[in-house]
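Trainee: Quick check, what structure comes out for this input:
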Amino acid sequence: MEMGVKDLIIVGAGPAGLTASIYASRYKIEHQVIGLLPGGAMTEAYKICNFPSEVSISGWELAQKIENNARQLGGEIVAGEVLKISGHYPNFQVDLADGHKLASKTILLASGAKRRHLGLPNEDKFLGKGLAYCATCDGPFFKDKIVGVVGGGNCAATAVIFLSTIAAQVLWFYLGSEPNAVEPGWLEEINKQGNIKLMARSEIKALLGDNHLSGVTINRENKTENINLEGLFVEIGSDPNSSLVKQLGGTVNEGGYIVVDGGQATTIPGIWAAGDVTTSSNGLRQIITACSEGAIAADSIFKFLQRQV
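Mentor: Next comes the predicted model:
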């Protein structure tokens, strides 16, 4: 995997990165995709009902379809983690965690976002011992148990629905009087389930237990109470993985999202960005918009490289 200068290295193998690879292959751009898991966070989605070609599909299945398309068109997808990018167009160096160093004329950052943590004292202690950040990954371990989900958005809602098919009871903790901007379809499905309890105006203040999570302390309408449960799933949003562009002096907004233009170019010549890590698509961070941004970025890179010939 050492050297040999590529036209393009794509950092991230989620929907943006894989779609960019599909378009790069069609444009005959010599490229490589570097990512920890093909499909990225998409693989964790319990059910996807808003992708144009699918009535209903799991994130894992959709990820496999997109990955297969990328590979069949000639995309080289390599498991790895990028630690650092240095240099400038047309001589970028990409350092991987395993010690390999790659060279490329251009870079596409499709590095996605990382899940937010609660920021509570015992959070690390209970990770894997009742505390989890992926319902589809860890939910099956909580069959017929009482679990909680914290968060008020669509990701929390889909986690609640999935867990309701496994757990004896699901407690849904969120700060407002109503869930925050959840799609009506998800709320309708939640209201059909008899084992979901809505815990509005609830803030998790502490995690309880010795060697395993046994409950939480919440503040609810200015009253503190302890709730017994055996699992807690954290779905409170995510933060962009934009450290690589920050290292190079690229521009990010106040939320840390990479600022891009209409062609997905960053403020650093030779570097583009796509997907959940960017300010693009009016902040609508969906699989379909990530795919769109990946396609636009690949097209923009192709035109850029053509102008350099």
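Trainee: hey, let's count contacts and neighbours off CA atoms from now on
Mentor: OK.
Trainee: Please save the CA atoms from stretch 174-190 in PDB.
Mentor: Output of stretch 174-190 as PDB, limited to C-alpha atoms (Å, rounded to 0.1, in the frame of the first residue of the first chain):
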ATOM      1  CA  TYR A 174     -35.400  13.800  26.400                       C
ATOM      2  CA  LEU A 175     -35.100  17.400  27.600                       C
ATOM      3  CA  GLY A 176     -38.100  19.100  26.000                       C
ATOM      4  CA  SER A 177     -41.900  18.700  26.400                       C
ATOM      5  CA  GLU A 178     -41.800  16.900  23.000                       C
ATOM      6  CA  PRO A 179     -39.100  15.100  21.000                       C
ATOM      7  CA  ASN A 180     -37.100  17.600  18.900                       C
ATOM      8  CA  ALA A 181     -38.000  17.600  15.200                       C
ATOM      9  CA  VAL A 182     -38.600  13.900  14.900                       C
ATOM     10  CA  GLU A 183     -40.200  12.800  11.700                       C
ATOM     11  CA  PRO A 184     -44.000  12.200  12.200                       C
ATOM     12  CA  GLY A 185     -43.700   8.600  10.800                       C
ATOM     13  CA  TRP A 186     -41.400   7.600  13.600                       C
ATOM     14  CA  LEU A 187     -43.600   9.100  16.300                       C
ATOM     15  CA  GLU A 188     -46.600   7.200  14.800                       C
ATOM     16  CA  GLU A 189     -44.700   4.000  15.100                       C
ATOM     17  CA  ILE A 190     -43.600   4.700  18.600                       C
END
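Trainee: which outside residues touch that stretch?
Mentor: With contact meaning CA atoms under 8 Å, 6 or more residues apart in numbering, stretch 174-190 is reached by 150-154, 157-158, 160-161, 196, 199-203.
Trainee: Let's see which of those residues end up in strands.
Mentor: The strands, defined by DSSP state E, take in 150, 196, 199, 202-203 from those.
Trainee: which of these sit farthest apart?
Mentor: Greatest spatial distance among these (CA to CA): 196 and 203, at 17.7 Å.
Trainee: I'd guessed residue 133 sits against residue 115; true?
Mentor: Yes: at 7.4 Å, residue 133 counts as touching residue 115 under the criterion of CA atoms under 8 Å.
Trainee: Identify the contacts common to these two.
Mentor: Contacts common to residue 133 and residue 115, judged by CA under 8 Å, 6+ apart, are residue 235.
Trainee: Keeping just the C-alphas, turn the helix ranked longest in the chain into PDB.
Mentor: In the chain, with assignment by DSSP state H, the single longest helix is helix 287-308. As requested, the backbone C-alpha atoms of helix 287-308 are provided in PDB (Å, rounded to 0.1, in the frame of the first residue of the first chain):
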ATOM      1  CA  ILE A 287     -27.500   9.400   3.600                       C
ATOM      2  CA  ILE A 288     -28.900  10.800   0.400                       C
ATOM      3  CA  THR A 289     -27.300  14.200   0.800                       C
ATOM      4  CA  ALA A 290     -24.000  12.600   1.700                       C
ATOM      5  CA  CYS A 291     -24.100  10.600  -1.500                       C
ATOM      6  CA  SER A 292     -25.000  13.800  -3.400                       C
ATOM      7  CA  GLU A 293     -22.000  15.700  -1.900                       C
ATOM      8  CA  GLY A 294     -19.700  12.800  -2.700                       C
ATOM      9  CA  ALA A 295     -20.800  12.800  -6.300                       C
ATOM     10  CA  ILE A 296     -20.400  16.600  -6.600                       C
ATOM     11  CA  ALA A 297     -17.000  16.500  -5.000                       C
ATOM     12  CA  ALA A 298     -15.700  13.800  -7.400                       C
ATOM     13  CA  ASP A 299     -17.000  15.800 -10.400                       C
ATOM     14  CA  SER A 300     -15.400  18.900  -9.100                       C
ATOM     15  CA  ILE A 301     -12.100  17.100  -8.500                       C
ATOM     16  CA  PHE A 302     -12.200  15.600 -12.000                       C
ATOM     17  CA  LYS A 303     -12.700  19.000 -13.600                       C
ATOM     18  CA  PHE A 304      -9.900  20.400 -11.400                       C
ATOM     19  CA  LEU A 305      -7.500  17.700 -12.500                       C
ATOM     20  CA  GLN A 306      -8.400  18.200 -16.100                       C
ATOM     21  CA  ARG A 307      -7.500  21.900 -15.900                       C
ATOM     22  CA  GLN A 308      -4.100  21.000 -14.600                       C
END
